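# how would this look folded up:
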Amino acid sequence: MSSYSNGMYADKAEDLRNSGFTVNDNWEQPIPFDTINLPEFPIDCFPSPIAAFVKALAESTQTPTEMAGILSLGVLATAFQKRYTIRVKRDYTEQLSLYVVAVAEPGERKSAVYSALNTPIYSYESQLNESEAADVERNHAEKDILDARLKALKSEMAHPKKDVNLEKLKIDIIDLTKKIADFKEIYATRLLADDVTSEKLADLMSEQNGCLTIASAEGGVFDAICGRYEKTLNIDIYLKGHAGDPLTVERISRKPNKIKNPRLSMILTVQNDVLNGFMANSTFRGRGLCGRFLYVICNSYVGDRNVNAAPIPETVTDEYNTFVERIFSDPNGGELELSDEAFQAYLGYAQYVEHRLKNDLDYMRDWGGKLCGAMCRVTALLHAADYTPANGNGNPAYIPISVDTLNRSIKIAECLSSHAMAAYQMMGADTATADAKYLLKRIESIGQDEISKRDLFDKCKGKFKKMEAMEPAVQTLVEMGYIRQDEQNTGGRPTIILRLNPLSKSSRSSKRVS
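Take a look at the predicted model:
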């Protein structure tokens, strides 16, 4: 079902046509295809240290708050995905992993925002590595000694000396093999990884007890997902890492990676064309990978930026860095639960989303079907951040999630819903919209002001098998003001004539982001 046929842009039409658009022979300016109505990201839903830092960072870098806002959700997921889950109902739980991506064109200072938000994570990771370095080295040395000893025993078994007790040597080899198999290797802590193949990602997650975040200010991770370094496309680790389903990666020459409860998050900034290639992949759409991402389409401030913008106040940066270090260092964990009032609010929102799945979210059910789950994850992240003991509050697992926290996450979810709709429409996921663009090109290529619907269908038979299949696209063009339909009576069956808006060509490349 087309989002336009549901009147998604109906409330914008009058505003667009009263803001300087021309009128020509009773034709009004069509609504541009790329018109996007995006709400501001509800930054105040975050804990105050994050909210203050995001606002100051956006001002300092002259970037939209939605960029830092969505990446901040990734920071919280990285902190809590290993320690908490949320039980929504008796038989329904969610882990707290998130895939977040900010979409912006080149020159939009994505790297600066990404770096500022993740700096305290890298700093905390470095501190851990320094404190753990001696234990890691000792552990690796012990493993090397065991491996060397086993190798020596096997060599001795292969070339025994005359006085060697072969039975005892065999028992020693078996015992040592078991000891090596049971040996628990420890590795330097990795919280964030950048451009990794799926195979290397499985190794890293296994080393980190199944938990990791991919963080990148470029789009290389999508190339890795597409199999840039591998001959076959394997996205299981990205699907299961988000869902928490058991993961086994078999190897020919190495032992397999077996991860009982993988927890993978992503913090990404990419350009529009990178996202376009990702979302155009039918495998990703078909298997639900595109639907696992939370998107924001960043408004551009280029050309209007203040070159002398105020820097982030040191106190704001210090409070943010301290806050992030506290939520990472807190050792507590457990299962979070909704209060009775919050649960009722959840049910109301879930019913609302269910209704939308056959209306305005119909063309992106892969994403809409995961909206409530994402909202619950965000709810848990906000709750855990609010009540981390290091922040002077109680243990999050012992305090029911309030309806206020759930309502804050619903505000974020609704904002992200609008951004996801914009992302899917920009990338042509709305079939009726994509078909409408195709029809408009065909009509304009004829070079005439009008054409019968039957003749247009004849010219598009390679695209549409039946006239009925073309109808949603025709209605989209009518609703957006590109064409009109008139009946022409010739004594028999009426002929439907499609008349082209003479102003259409000047509108097609227009873009309005509000």
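# so what strands line up beside the top strand by length along the chain?
Across the chain, the strand with the greatest residue count (assigned by DSSP state E) is strand 263-270. With DSSP bridges as the test, strand 263-270 is paired with strand 99-103 (parallel), strand 211-216 (parallel).
# now tabulate those in CSV and tack on distance to P120, mean neighbour count and mean pLDDT.
No exception for glycine: its C-beta is placed from N, CA and C like everyone else's. Formatted as CSV, the strands paired with strand 263-270 follow (distance: least, CB to CB, whole Å; neighbours: other CB atoms under 10 Å; pLDDT from 0 to 100):
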stretch, distance to P120, mean neighbour count, mean pLDDT
strand 99-103, 17, 26, 95
strand 211-216, 13, 24, 95
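# which one of those lies nearest to F343?
Evaluated over the strands paired with strand 263-270, closeness to F343 peaks at strand 99-103, with 25.8 Å, by CB to CB.
# what lies in contact with the closest one?
66-67, 70-71, 73-74, 77, 110, 113, 242, 265-272, 275, 292-298, 423 (CB atoms under 8 Å, 6 or more residues apart in numbering).
# now stretch 313-329: buried residues?
Of the residues in stretch 313-329, V316, T317, E319, Y320, N321, F323, V324, E325, R326, I327, F328 count as buried by neighbour count, 16 or more other CB atoms under 10 Å.
# okay if I get these as a markdown table plus pLDDT and secondary structure?
Supplementary listing: the buried residues of stretch 313-329 in a markdown table, determined by pLDDT from 0 to 100; DSSP: H, G, I helix; E, B strand; the rest coil:
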| residue | pLDDT | secondary structure |
| --- | --- | --- |
| V316 | 97 | helix |
| T317 | 97 | helix |
| E319 | 97 | helix |
| Y320 | 97 | helix |
| N321 | 96 | helix |
| F323 | 96 | helix |
| V324 | 96 | helix |
| E325 | 94 | helix |
| R326 | 93 | helix |
| I327 | 94 | helix |
| F328 | 95 | helix |
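# quick one: which of these is nearest to A413?
Nearest to A413, judged by CB to CB, of the buried residues of stretch 313-329 is I327 at 21.3 Å.
# A79 is in contact with that closest one, correct?
Yes. Judged on CB atoms under 8 Å, I327 makes contact with A79 at a distance of 4.4 Å.
# tell me which strands and helices the helix or strand that R138 is a member of is in contact with?
Take DSSP states H and E as the rule and R138 turns out to sit in helix 110-158. In terms of contacts (3 or more CB pairs under 8 Å, 6 or more residues apart in numbering; DSSP states H and E), helix 110-158 is packed against helix 48-61, helix 65-80, helix 166-182, strand 192-193, strand 211-216, strand 263-270, helix 314-329.
# could you give the mean pLDDT of that helix?
Across helix 110-158, pLDDT averages out at 91.
# measure how that helix sits relative to helix 48-61, angle-wise.
Orientation check (axes from the mean of the first three to the mean of the last three CA atoms, to 10 degrees): helix 110-158 against helix 48-61 gives 120 degrees.
# on that earlier part again, farthest-apart pair in the buried residues of stretch 313-329, please.
Once CB to CB is applied, the buried residues of stretch 313-329 give V316 and F328 as the farthest pair, at 19.0 Å.
# what's the residue positioned nearest the centre of the chain in contact with, if anything?
By CA atoms, centre = their mean, the chain has its centre lying nearest to F293, at 2.2 Å. F293 is in contact with Y99, V100, V101, M266, W367, counting by CB under 8 Å, 6+ apart.
# let me see the backbone angles for it.
phi -90, psi 140 (degrees, to the nearest 10).
# quick check: it vs L347, distance?
Separation of F293 from L347 (CB to CB, to the nearest Å): 26 Å.
# kindly report the same for V274.
Between V274 and L347 the computed distance is 38 Å (CB to CB).
# neighbour-wise, which of those two wins?
V274 (19 against 14; other CB atoms under 10 Å).
# hmm, the more buried one is touching F222, no?
Yes. Using CB under 8 Å, V274 makes contact with F222 at a distance of 5.7 Å.
# quick check, pLDDT for N257.
Reading off the model, N257 has pLDDT 81.
# and the one 3 residues further on, by the same measure?
Model confidence at K260, expressed as pLDDT, equals 92.
# contacting residues around the closest residue in space to it that isn't next to it in sequence?
Leaving aside its sequence neighbours, K260 sits nearest to P246 (CB to CB, 6 or more residues apart in numbering; 5.5 Å). P246 sits next to K240, K258, I259, K260, N261, P262 when contact means CB under 8 Å, 6+ apart.
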